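J.: let's see this in three dimensions:
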Amino acid sequence: MVIYVFAPYLTNQVLGGGARGQTIFSSWQTISGTLVALTAPLLGAAADRMGHRKPLLVLALAIFAPGIFFQYWAMPNEAALPLWAIEVIAITAGVSYVWTEVLHNSMLTLTAKPSQVSQVSGLGMALGNAGGLLLLIFVLFAFALPGQIPIPGLPDRPLFGLNPAAFEPQRIVAPICAVWLVLFAIPLFLFTPDRNPSGESLFTAMYHGAGNVVRTILKLFREYRNVGLYLIARMIYVDGTTAVIIYGGIYASMTLHWGFLEMLAFGVILSIFAVIGGFVSAWLDDWLGAKRAVAIEVIVTLLCLLIEVSITPNSMLFVIPADPSHHVWAGPIFQTAPEVLYLASSIVIAISITATYASSRALMAHLAPPGMEGELFGLYALSGSASAWLAPLMVTIFTAAYQSARAGFGAIGLLLIVGFVLLLFVKPPAKPV
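T.: Predicted coordinates for the structure are as follows:
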């Protein structure tokens with residue numbers, strides 16, 4: 001939905017593409033980030049006071065799943081829904097997604113012993129990407145490849161009579177993802193532990209939780225200074241890593257002229273290696289500790305970003321010329337040397353960013369004082385979303401100033417550098433037992 005299929009369709013086809021589409025899409029992200037900043041910490045604090053997380057998680061999913069499903073009716077020229085309705089639905093989905101993150105992240109320490117948090121966090125990221133991989137493969141063979149490439153056993157046209165002219169192969173991913181979400185949420189509710197309920201109602205818990213959040217923020221740099229520094233560092237470097245994911249696809253489609261088929265194949269390949277990233281994070285956490293693991297993962301992402309920025313159809317690494325008519329292999333896609341190099345660096349990024357998310361979550365779980373997991377994971381969500389406007393703004397400013405998509409994409413590296421430097425001053429937690 002966010003990286004490979006639906007967001008590019010939404011930006012380019014529904015919102016008009018180009019600067020206009022990117023501006024509108026970025027403004028929606030800004031609104032979503034603002035609402036997250038106002039609500040996620042309160043939700044986390046309320047969850048701490050109520051004890052059990054699952055009832056709130058049901059409520060969040062009841063908002064999130066329809067927010068995904070109804071985006072199927074996002075069509076060009078407002079053919080099904082007016083633009084304001086699409087905006088409301090997309091923002092609702094974005095905000096409720098973070099709500100679910102706050103709640104299930106705060107359950108991490110309930111599902112694993114302290115010494116197993118890194119493994120469970122990494123496994124969760126790996127399996128999540130594996131699920132995304134299965135969906136991408138299904139969309140690729142059911143909707144994208146039919147009628148495009150003659151493969152034995154492949155249908156002649158998209159399944160279910162979907163009409164490519166009406167962008168139905170792209171739009172169908174919305175209800176598919178919504179159904180997948182609900183189906184695989186069921187085992188979470190059936191088989192994972194939860195805290196005992198305190199008996200406090202949601203509204204009472206949010207009222208008192210608001211005071212807890214304010215007090216936590218005020219004393220964050222007195223009693224929890226190390227946690228506060230980590231949250232600021234994470235806010236900056238995660239904004240950078242998220243932007244690398246989103247704009248990496250946009251840069252490839254613009255610069256290397258990749259279309260629907262290439263982007264789906266790109267997503268399948270990267271999702272395979274993103275699964276590996278979850279296991280890499282667990283290995284690095286055990287070997288070096290969560291803080292060092294995050295630092296390494298951020299630096300690797302930065303180096304690969306520089307490689308991607310160096311690529312055009314005619315050059316690699318800024319100075320090495322490339323002949324766009326020369327194919328390094330006879331396959332149907334990713335035929336030129338710049339395309340292969342971009343794909344290779346993106347594969348490493350898929351591993352490093354997935355590992356960054358998993359290691360960051362494990363580090364937060366280790367740093368959070370017992371009994372404050374929900375509240376601090378609310379601030380954790382805030383630190384990951386409150387500055388969601390920053391990377392798009394930097395991309396827009398640098399692109400306009402230099403009239404270069406390369407300059408805009410490369411500006412993301414500044415966030416990775418600043419976040420990495422701040423992370424160096426975070427004291428690592430004691431080794432869990």
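J.: residue contacts, Trp99?
T.: For Trp99, the contact set (Cβ atoms under 8 Å, 6 or more residues apart in numbering) comprises Thr39, Ala40, Leu43, Ala60, Ile63, Phe64. Placement of C-beta: from N, CA and C, glycine included.
J.: surely the fourth one and Thr100 touch.
T.: Yes. Contact between Ala60 and Thr100 holds when scored by Cβ atoms under 8 Å: they sit 4.8 Å apart.
J.: for Ser385, give me the pLDDT.
T.: Per-residue pLDDT puts Ser385 at 60.
J.: look up how far Ile307 lies from Ser345.
T.: 4 Å (Cβ to Cβ, to the nearest Å).
J.: ok, Leu220 next?
T.: Look at Leu220 and Ile307: by Cβ to Cβ, they are 37 Å apart.
J.: before we move on, what about Asp156?
T.: For Asp156, the distance to Ile307 - Cβ to Cβ - is 39 Å.
J.: which strands and helices sit next to the strand or helix carrying Pro338?
T.: Assigned by DSSP states H and E, Pro338 falls within helix 337-367. Helix 337-367 sits against helix 83-106, helix 108-111, helix 117-139, helix 225-255, helix 260-288, helix 290-309, strand 315-316, helix 373-385, with contacts defined as 3 or more Cβ pairs under 8 Å, 6 or more residues apart in numbering; DSSP states H and E.
J.: re the thing from before, quick one, which of Asp156 and Ile307 is more surrounded?
T.: Ile307 (18 against 7; other Cβ atoms under 10 Å).
J.: ok, that one - contacts?
T.: Counting by Cβ under 8 Å, 6+ apart, Ile307 makes contact with Leu317, Leu341, Ser345.
J.: which of those residues lies closest to Arg406?
T.: Distance to Arg406 across those (Cβ to Cβ) is lowest for Leu317, with 13.0 Å.
J.: report the contact partners of the nearest residue to that closest one once chain neighbours are set aside.
T.: Leaving out its chain neighbours, the residue that sits closest to Leu317 by Cβ to Cβ, 6 or more residues apart in numbering is Ser310, at 4.8 Å. Residues in contact with Ser310, defined by Cβ under 8 Å, 6+ apart, are Met316, Leu317, Phe318.
J.: report the buried residues of stretch 7-23.
T.: Residues Ala7, Pro8, Tyr9, Leu10, Thr11, Asn12, Gln13, Val14, Leu15, Gly21, Gln22 are the ones in stretch 7-23 that count as buried (16 or more other Cβ atoms under 10 Å).
J.: where does the fourth one land on pLDDT?
T.: What the model reports for Leu10 is a pLDDT of 85.
J.: quick check, it in contact with Ile89.
T.: No. Counting by Cβ under 8 Å, Leu10 stays clear of Ile89, with 11.0 Å between them.
J.: overlap in contacts, those two.
T.: Gln71, Ala74.
J.: what's the weakest-modelled helix or strand in this structure?
T.: Every helix and strand in the chain was compared by mean pLDDT, DSSP states H and E; the lowest is helix 373-385, with a mean of 68.
J.: tell me which of the helices and strands packed on helix 337-367 lies nearest to Gly211.
T.: For Gly211, the closest of those is helix 373-385, at 11.1 Å, according to Cβ to Cβ.
J.: after the closest one, next one along is what?
T.: helix 390-402.
J.: what's the neighbour count on Thr301?
T.: Neighbours of Thr301 (other Cβ under 10 Å): 27.
J.: any low-confidence regions in the stretch 51-200 of the chain?
T.: By pLDDT under 70, the low-scoring segments of the stretch 51-200 of the chain are 147-150.
J.: host element of Val328?
T.: Going by DSSP H and E, Val328 is not in any helix or strand.
J.: helices or strands up against the top helix by length along the chain?
T.: The longest helix of the chain (DSSP state H) is helix 18-50. Contacts defined by 3+ Cβ pairs under 8 Å, 6+ apart place helix 18-50 against helix 54-69, helix 83-106, helix 202-219, helix 373-385, helix 390-402.
J.: which residues touch the closest residue to Met206 other than its chain neighbours?
T.: Distances taken as Cβ to Cβ, 6+ apart place Ala46 nearest to Met206, at 4.4 Å, with adjacent residues excluded. Contacts for Ala46 (Cβ under 8 Å, 6+ apart) come out as Leu56, Leu202, Ala205, Met206, Gly209, Gly374.
J.: go on, Glu200?
T.: Arg49, Met50, Gly51, His208.
J.: so which of the contacts of Ser310 wins on neighbours?
T.: Met316 (18 neighbours).
J.: may I see the PyMOL selection of the buried members of the contacts of Ala46?
T.: Listed next is the PyMOL selection for buried residues among the contacts of Ala46, using 16+ other Cβ under 10 Å:
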select buried, resi 56+202+205+206+209+374
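J.: so which of the contacts of Ala46 comes closest to Gly248?
T.: Proximity of those to Gly248 was ranked by Cβ to Cβ; the top entry is Gly374 with 32.6 Å.
J.: and the longest helix of the chain, average pLDDT?
T.: 77.
J.: run the chain-centre distance for that helix.
T.: Chain-centre distance of helix 18-50: 14 Å, with Cα atoms, centre = their mean, to the nearest Å.
J.: please apply the same query to stretch 116-129.
T.: How far stretch 116-129 lies from its chain's middle: 15 Å, per Cα atoms, centre = their mean.
J.: cool, stretch 343-356 as well?
T.: For stretch 343-356, the distance to the chain centre is 13 Å (Cα atoms, centre = their mean).
J.: kindly report the same for stretch 109-117.
T.: In terms of Cα atoms, centre = their mean, the centre of stretch 109-117 is found 23 Å from the chain centre.
J.: thank you, goodbye.
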